[in-house]
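K.L.:
sequence and computational prediction follow.
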Amino acid sequence: MNYISLNTFDLAMAAMLVVLNGALSFSLGLKLERQLLIAAIRMMVQLTLVGLVLKILFTLNSPQWTGFAALAMILFAGGEVVARQKRRIAGFWFYGLGTGCMLLATGLITVLALTIQIRPDPWYAPRYTLPLLGMILGNTMTGISLGLDNLFAGLVREQRAIEAQLALGATRWKAVLPVTRNALYSALIPIINAMAASGLVSLPGMMTGQILAGVDPIEAVKYQMLIMFLISGSTAFGSVGAVLGGVYWLTDTRHRLRLDRLIWSKNI
């Protein structure tokens, strides 16, 4: 595979664009210079460390270390889901609900893709497993985060209407159905927009990377289509599980709304 290697000077020239962004922020009084600098440094450190870790994992080619790295990625993504919510479930499930749904959805979809469609040898090879998991996990995390945040906000906003329906004899699932639908809509609309815009408005990152690395464009398109299908499936499974789990936890078997199990996040 032929690809054009980048040197430090190439990266330094590109980094000047961030410096220009900082100058623009200063001239317009946006006060974003410090955030730009921190974000750029953090990005460079994180990507460098990830590159070094991946190089070691590729050399080891061990299922145990690959599984450990995958689990660490999912646990970190679970923390990001919690950090993005204005309200959250009290107790263990504030972390366990989103993380558990991501673990099941991304784990199942990734293993199926590796064993049925891509079929590397061995199937757990970190060169294929970790990048594939990372792409699926990032989008699933966004869907679950949006779904739960909209669910919690909707239940609080529609509390009186939901309790009125419950008082008239509606089941908990029926009373919260409009809020549940709105939460799932919010969770799935980003991946729907991404699929609709692919190829026409934007060239997705994986496809672009493969073309830059010398892969035939038609083969790159096939891989990108596979990835989008996997992401849509994982996002749907994870979001439906998380939102329905949230409804289950914030209601009870006596068909009562239990917003006392919901607390404000300290991060907001």
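P.N.:
Received, thanks.
K.L.:
and the pLDDT for the residue of the chain most remote from its centre?
P.N.:
Within the chain, residue 168 marks the point farthest from the mean C-alpha position, 38.7 Å out by C-alpha atoms, centre = their mean. You'll see residue 168 listed with a pLDDT of 94.
K.L.:
also the one 4 residues further on?
P.N.:
We note a pLDDT of 94 for residue 172 in this prediction.
K.L.:
what distance do you get for the residue farthest from the centre of the chain to residue 175?
P.N.:
9 Å (C-beta to C-beta, to the nearest Å). Every residue, glycine included, has its C-beta placed from N, CA and C.
K.L.:
repeat that for residue 108.
P.N.:
31 Å.
K.L.:
what segments of the stretch 51-200 of the chain are strands?
P.N.:
87-89 (DSSP state E, counting those that start in this stretch).
K.L.:
do you have the helices of it handy? List them.
P.N.:
Along the stretch 51-200 of the chain, the segments classed as helices by DSSP state H, counting those that start in this stretch run 63-83, 93-112, 126-157, 159-167, 172-175, 177-197.
K.L.:
tell me which residues in the lowest-mean-pLDDT helix or strand in the chain are buried?
P.N.:
Ranked by mean pLDDT, DSSP states H and E, the weakest helix or strand in the chain is strand 262-264, scoring a mean of 81. Across strand 262-264, burial judged by 16 or more other C-beta atoms under 10 Å covers residue 262.
K.L.:
by contact count, what packs against that strand?
P.N.:
strand 87-89, helix 126-157 (3 or more C-beta pairs under 8 Å, 6 or more residues apart in numbering; DSSP states H and E).
K.L.:
okay if I get the helices of the stretch 51-200 of the chain as a markdown table plus distance to residue 244 and mean neighbour count?
P.N.:
A markdown table is the format used below for the helices of the stretch 51-200 of the chain (distance: least, C-beta to C-beta, whole Å; neighbours: other C-beta atoms under 10 Å):
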| stretch | distance to residue 244 | mean neighbour count |
| --- | --- | --- |
| helix 63-83 | 16 | 16 |
| helix 93-112 | 9 | 21 |
| helix 126-157 | 9 | 22 |
| helix 159-167 | 16 | 15 |
| helix 172-175 | 9 | 18 |
| helix 177-197 | 7 | 17 |
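K.L.:
can you tell me the SS state at the nearest residue to residue 171 once chain neighbours are set aside?
P.N.:
Leaving aside its sequence neighbours, residue 171 sits nearest to residue 255 (C-beta to C-beta, 6 or more residues apart in numbering; 5.8 Å). With DSSP: H, G, I helix; E, B strand; the rest coil as the basis, residue 255 sits in coil.
K.L.:
any weak-confidence spans in the stretch 151-268 of the chain?
P.N.:
Low-confidence segments of the stretch 151-268 of the chain (pLDDT under 70): 265-268.
K.L.:
and for the residue nearest to residue 171, the neighbour number?
P.N.:
Residues near residue 255, counting by other C-beta atoms under 10 Å, number 16.
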